[in-house]
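Student: predicted model, plus sequence, below.
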Amino acid sequence: MGGEVRFAVLDEDAKAPASLALSASGYYMSVGDGPWARVGADLSIRLGSVAPAADHEGYGQRERQ
């Protein structure tokens with residue numbers, strides 16, 4: 001069980017030169033790894049019909065049982 005929140009800082013649809021989203025998520029697995037969380041940033045730039053994306057995980061943690 002878990003969830004993720006994303007916030008668009010820049011949006012190419014709003015005439016920005018690139019799209020940038022910040023994200024935070026947390027999950028809990030009752031069997032296996034237990035709780036974990038991450039925060040990060042996703043950047044994409046449209047190049048015609050292609051939109052290469054880069055994802056940076058600023059912080060992530062998994063606790064082993």
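Tutor: Here it is on my side, so go on. Residues are numbered from 1 along each chain as shown.

Student: in the protein, what residue spans correspond to strands?
Tutor: Assigned by DSSP state E, the chain shows strands spanning 2-10, 19-29, 34-44, 53-62.

Student: ok, now which ones touch the nearest residue in space to residue 2 that is not next to it in sequence?
Tutor: Excluding the flanking residues, the one nearest residue 2 by CB to CB, 6 or more residues apart in numbering is residue 27, at 3.0 Å. Yep, even glycine has a C-beta here, placed from its N, CA and C like the rest. Residue 27 sits next to 1-3, 35-37 when contact means CB atoms under 8 Å, 6 or more residues apart in numbering.

Student: hmm, back to that, save the strands of the chain as CSV, and put in mean pLDDT too.
Tutor: Formatted as CSV, the strands of the chain follow (pLDDT from 0 to 100):
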stretch, mean pLDDT
strand 2-10, 90
strand 19-29, 88
strand 34-44, 84
strand 53-62, 64
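
Student: centroid residue for the chain?
Tutor: residue 23 (4.4 Å; CA atoms, centre = their mean).

Student: quick check: that one touching residue 41?
Tutor: Yes. Shown here, residue 23 and residue 41 form a contact pair, counting by CB atoms under 8 Å, at 7.3 Å.

Student: residues in contact with residue 9?
Tutor: 20-22.

Student: give me the buried subset of these.
Tutor: Buried residues within the contacts of residue 9, defined by neighbour count using 16 or more other CB atoms under 10 Å: 20-21.

Student: can you list the contacts of residue 9 in JSON lines and add distance to residue 55?
Tutor: Shown next, in JSON lines, are the contacts of residue 9 (distance: CB to CB, whole Å):
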{"residue": "20", "distance to residue 55": "11"}
{"residue": "21", "distance to residue 55": "10"}
{"residue": "22", "distance to residue 55": "12"}
